[in-house]
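S.K.: What would the 3D arrangement of this be:
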Amino acid sequence: MRLHFIAIGGSAMHNLALALHHKGDLITGSDDVIFEPSLSRLAAQGLLPKEMGWDPTRITSDIDAVILGMHAKEDNPELLRAKELDVVIYSYPEFLFEQSKNKTRVVIGGSHGKTTITSMILHVMQYHNKEVDYMVGAQLEGFERMVHLTNTNDFIVLEGDEYLSSPIDRRPKFHLYKPNIALLSGIAWDHINVFPTFDNYLEQFRIFIQSIVNGGSITYNEEDEHVKELVEESQNSIRKFPYKTPEFFVENEQTFIESPEGPLPINVFGRHNLNNLAGAKWICQNMGVDEEDFYEAISSFKGASKRLEKIAETKDTIIFKDYAHSPSKVIATTKAVKEQYPDRKIIACLELHTYSSLNSTFLREYKNSLKDADSAAVFYIQESLAIKGLAILTIEEIAEAFNLDTDNIFGDGQEFREFLKTQNLHNSVLLFMSSGNYGGLDMQEVIDLID
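M.R.: Residues are numbered from 1 along each chain as shown. Below you'll find the predicted structure:
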């Protein structure tokens, strides 16, 4: 197929472009700006646009389809030209569904945990040499790309994001996949800019459950009251498999789970990650991997990129980086680190970076979310508020929302770096939580503090 990507530089979009190029399709693309690592990865495969910007002459009638990324606007010149020529236009999830119509679709949904669960499943499949197609939201160790598509594999494993599909398709992505096998990990209000009320957010998951094909199945976290209620009230003709956190214990900063063969040491930790592991086990069993083989494989799983990722360690100090940014994720991640390292000082740093986290109304959801840390810091960039069209937030407002002192809130990158330098890092864990980069903080600078 000849396919053109509008906004090819996005994390998901460029990985899909690379996967289709690898499969043998003819790929072109455009974007107004492309950052690393997308830039180098596209260039290495000859897929980097020769010039940045939008050019409607790139769209010709011999293109089989256009794939439209969220970064593009509704009035994008290339999109308008594609409409004029009646070229087929797909959103990212629509195209993935088209590629997987004849496969068994395994879709992992939930406000949190979906990347980790998808990663666990793929790790187990790779460990046992079981070939599957996939799309996952993080780069995994041992996997060249975040997307892999073939014409031959029976299964495709898809991370089911509830965010919007494209600028001209306002449906959540996971509504389009029509799972044969689904998982729902948890529901905690997110994306307030798209789903202004919790009831509206809940409805998206109700639709997801209803979209599972007749005779399909849903594996669901019965410890989440909202998930449990939505799944158990559903009248869809599907099988329902509940799961819960397995028994575990921590000994000498090592987590063990109880397995049929006895205590099993694992590399991930935290109650939320062990809950994720239980969900992944059920899905793998639905895909033909028995329990014993699952445990053998999962013991070597080290986690997905930026999901409690250990970036440095000395005898005295450990540094973790985590993608956590919503209140429920911040609470779970901070608690997990405290339980894993009960005898160490936990220094938790959170950046307010997303639209929701910088919204003055939503901010109150963060109350006491950092209470399990021994020391906490919250960082934000005032300029981000103007860019997102939000009202100015004061340090006092943020301190009140988190129930922290104003001395723990930083609106300036240099002040935040000075805070880090003044911390006593003896016998400590330094935890960074953000979907951003703390205003350009050089992590090597931080690592140098403990060397």
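
S.K.: now the helices: where do they sit in the stretch 1-150 of the chain?
M.R.: 11-23, 38-44, 77-84, 92-99, 114-127 (DSSP state H, counting those that start in this stretch).

S.K.: so can I have TSV of these showing mean pLDDT, mean neighbour count and distance to residue 345?
M.R.: The way it works is simple: take the backbone N, C-alpha and C, and place the C-beta from them, glycine included. Listed next are the helices of the stretch 1-150 of the chain as TSV, based on pLDDT from 0 to 100; neighbours: other C-beta atoms under 10 Å; distance: least, C-beta to C-beta, whole Å:
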stretch	mean pLDDT	mean neighbour count	distance to residue 345
helix 11-23	95	21	34
helix 38-44	96	16	38
helix 77-84	98	18	52
helix 92-99	96	21	43
helix 114-127	96	25	26
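
S.K.: Switch those over to a markdown table; also include distance to residue 139.
M.R.: Shown next, in a markdown table, are the helices of the stretch 1-150 of the chain (distance: least, C-beta to C-beta, whole Å):
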| stretch | distance to residue 139 |
| --- | --- |
| helix 11-23 | 9 |
| helix 38-44 | 10 |
| helix 77-84 | 28 |
| helix 92-99 | 17 |
| helix 114-127 | 10 |
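
S.K.: In stretch 166-182, which residues are buried?
M.R.: 166-167, 169, 172-182 (16 or more other C-beta atoms under 10 Å).

S.K.: start to end distance for it?
M.R.: With C-alpha to C-alpha, to the nearest Å as the measure, stretch 166-182 spans 23 Å from end to end.

S.K.: How about the contacts made by residue 39?
M.R.: The neighbourhood of residue 39, defined by C-beta atoms under 8 Å, 6 or more residues apart in numbering, consists of 9, 48.

S.K.: again, but for residue 57
M.R.: residue 81.

S.K.: Scan this protein for its longest strand.
M.R.: Secondary structure of the chain per DSSP state E: the longest strand is strand 345-352.

S.K.: Tell me the helices and strands packed up against it.
M.R.: For strand 345-352, the elements it packs on are helix 327-340, strand 375-380, strand 428-433, judged by 3 or more C-beta pairs under 8 Å, 6 or more residues apart in numbering; DSSP states H and E.

S.K.: Out of the ones you listed, the one nearest residue 232 is which?
M.R.: Residue 232 lies closest to helix 327-340 among the helices and strands packed on strand 345-352, at 21.1 Å (C-beta to C-beta).

S.K.: for the record, mean pLDDT for that closest one?
M.R.: Helix 327-340 shows a mean pLDDT of 94.

S.K.: Over to stretch 272-287?
M.R.: Averaging pLDDT residue by residue across stretch 272-287 gives 97.

S.K.: Go through it and flag the buried ones.
M.R.: In stretch 272-287, counting by 16+ other C-beta under 10 Å, buried: 272-284, 286-287.

S.K.: For residue 139, give me its contacts.
M.R.: Contacts of residue 139 (C-beta under 8 Å, 6+ apart): 146, 304-305.

S.K.: Please pick the buried ones from these.
M.R.: Looks like the contacts of residue 139 have 146, 304 buried, using 16+ other C-beta under 10 Å.

S.K.: okay, the contacts of residue 139 in CSV with distance to residue 321 and pLDDT next?
M.R.: Listed next are these as CSV, based on distance: C-beta to C-beta, whole Å; pLDDT from 0 to 100:
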residue, distance to residue 321, pLDDT
146, 18, 92
304, 12, 78
305, 9, 75
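
S.K.: could you dump the contacts of residue 139 to a markdown table with distance to residue 78?
M.R.: Shown next, in a markdown table, are these (distance: C-beta to C-beta, whole Å):
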| residue | distance to residue 78 |
| --- | --- |
| 146 | 24 |
| 304 | 33 |
| 305 | 31 |
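
S.K.: how close does the closest residue to residue 338 other than its chain neighbours get to residue 341?
M.R.: What sits nearest to residue 338 in space, not counting adjacent residues and going by C-beta to C-beta, 6 or more residues apart in numbering, is residue 372, at 4.4 Å. Counting by C-beta to C-beta, to the nearest Å, the separation of residue 372 from residue 341 is 11 Å.

S.K.: likewise residue 361?
M.R.: 34 Å.

S.K.: re the thing from before, just name the closest of the contacts of residue 139 to residue 420, please.
M.R.: Closest to residue 420, out of all of the contacts of residue 139 and judged by C-beta to C-beta, is residue 305, at 22.4 Å.

S.K.: List the buried residues of the lowest-mean-pLDDT helix or strand in the chain.
M.R.: One helix or strand of the chain scores below all others by mean pLDDT, DSSP states H and E: helix 382-387, with a mean of 80. By 16+ other C-beta under 10 Å, the buried positions in helix 382-387 come out as 384-385.
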